[in-house]
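Chemist: Make a model of this:
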Amino acid sequence: MAKQTRRAQGLEGKIEEGKLYPIAEAVAIVKECATAKFDETVEGHFRLGIDTRHADQAVRGSISLPHGVGKDVRVAVFAEGEKAKEAEAAGADIVGGDELIAKVADGFVDFDATVATPDMMAKVGRLGKVLGPRSLMPNPKLGTVTMDVEKIINELKAGRIEYRADKFGIIHVPVGKASFENQALVENYEALLDEIIRAKPASAKGKYLKSVTLASTMGPGVKIETS
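Modeler: Numbering: from 1, shown residues only. All right, here's what the predicted structure looks like:
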């Protein structure tokens, strides 16, 4: 048997095996277990009763959390002319047209979110192999293909996040930082829970929300009571 680290030994007994915790208690435990030397991210892992082989059971969307996620979001905007100026004025970190598209095609991905004006999408669409696997492709359904670049940049900077169920039907999404106040994490979680339930596909059968686990970057998972 592998020898446990002192840190792992110190976490023993904090979580009762098989127990489902109320969200407030789960948050307190997760924060107590976040003992790394950096400010750990607290993540929610939502396991859904969906069949991801069917396109009509895809679960994907975006939400602006009440208290953000505690991260400085670098936004890249594909725009030209007046819309490029608008993006710069709104605080976009990277703005460009053909030259930015060429740079990204060569592998530049030093940003956390992208926005594009509709007229740029014919060219931006060619970046699918670079942006797609990183979930960075602008998407009209998520509001990131728009002429209102100022509004979406402000939302992204304020902590708007995207969520998407993976091939196993699990959504992995940040809830905040371990340094957040307990109530802020609880409110962020509840907003996420409501949003994910709202996004339930009409074709999904059986139990939709199978389980939810909350954990910090380096800490153990705490299973949450959802009923």
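
Chemist: List the contacts of Met121.
Modeler: Shown in contact with Met121 (CB atoms under 8 Å, 6 or more residues apart in numbering): 138, 145. In this view, the C-beta of every residue, glycine as well, is placed from N, C-alpha and C.

Chemist: From Phe180, how far out is it?
Modeler: 36 Å (CB to CB, to the nearest Å).

Chemist: With Gly206 instead?
Modeler: 34 Å.

Chemist: cool, and Gly219?
Modeler: In this structure, Gly219 and Phe180 are 14 Å apart, going by CB to CB.

Chemist: same deal with Glu82?
Modeler: 38 Å.

Chemist: quick one: which of Gly206 and Phe180 has more around it?
Modeler: Phe180 (21 against 7; other CB atoms under 10 Å).

Chemist: Just confirm that one contacts Val42, I think it does.
Modeler: Yes: if you go by CB atoms under 8 Å, Phe180 and Val42 touch, sitting 7.4 Å apart.

Chemist: Number of residues surrounding Val109?
Modeler: For Val109, using other CB under 10 Å, the count is 15.

Chemist: Provide the backbone phi and psi angles at the closest residue to it other than its chain neighbours.
Modeler: The shortest distance from Val109 to any non-neighbouring residue, by CB to CB, 6 or more residues apart in numbering, is to Arg134 (6.2 Å). Note on Arg134: its backbone torsions stand at phi -100, psi 10 [degrees, to the nearest 10].

Chemist: Tell me the confidence at Arg134?
Modeler: On pLDDT, Arg134 comes in at 87.

Chemist: And for it, the neighbour number?
Modeler: With other CB under 10 Å as criterion, Arg134 counts 11.

Chemist: Tell me which residues of the host helix or strand of Leu192 come out buried.
Modeler: Taking DSSP states H and E as the definition, Leu192 sits inside helix 182-198. Within helix 182-198, the residues that count as buried by 16 or more other CB atoms under 10 Å are 184-189, 191-193, 195-196.

Chemist: how far out from the middle of the chain is that helix?
Modeler: 13 Å (CA atoms, centre = their mean, to the nearest Å).

Chemist: Remind me what that helix packs against, helices and strands.
Modeler: When contacts are defined as 3 or more CB pairs under 8 Å, 6 or more residues apart in numbering; DSSP states H and E, helix 182-198 sits against helix 23-33, strand 41-48, strand 60-64, strand 160-164, strand 170-177, strand 209-216.

Chemist: Show me where this structure dips below the pLDDT cut-off.
Modeler: For the chain, the stretches with pLDDT under 70 are 1-13.

Chemist: For Met137, give its distance to His172.
Modeler: In terms of CB to CB, Met137 sits 18 Å off from His172.

Chemist: Between those two, which is the more surrounded one?
Modeler: Met137 (19 against 13).

Chemist: just checking, Phe111 touches Gly96?
Modeler: No: the criterion here is CB under 8 Å, and Phe111 misses it with Gly96 at 11.4 Å.

Chemist: what sits against Ala199?
Modeler: Contacts of Ala199 by CB under 8 Å, 6+ apart are 59-61.

Chemist: ok, and the most crowded of those?
Modeler: Counting by other CB under 10 Å, top hit in those: Val59 with 19 neighbours.
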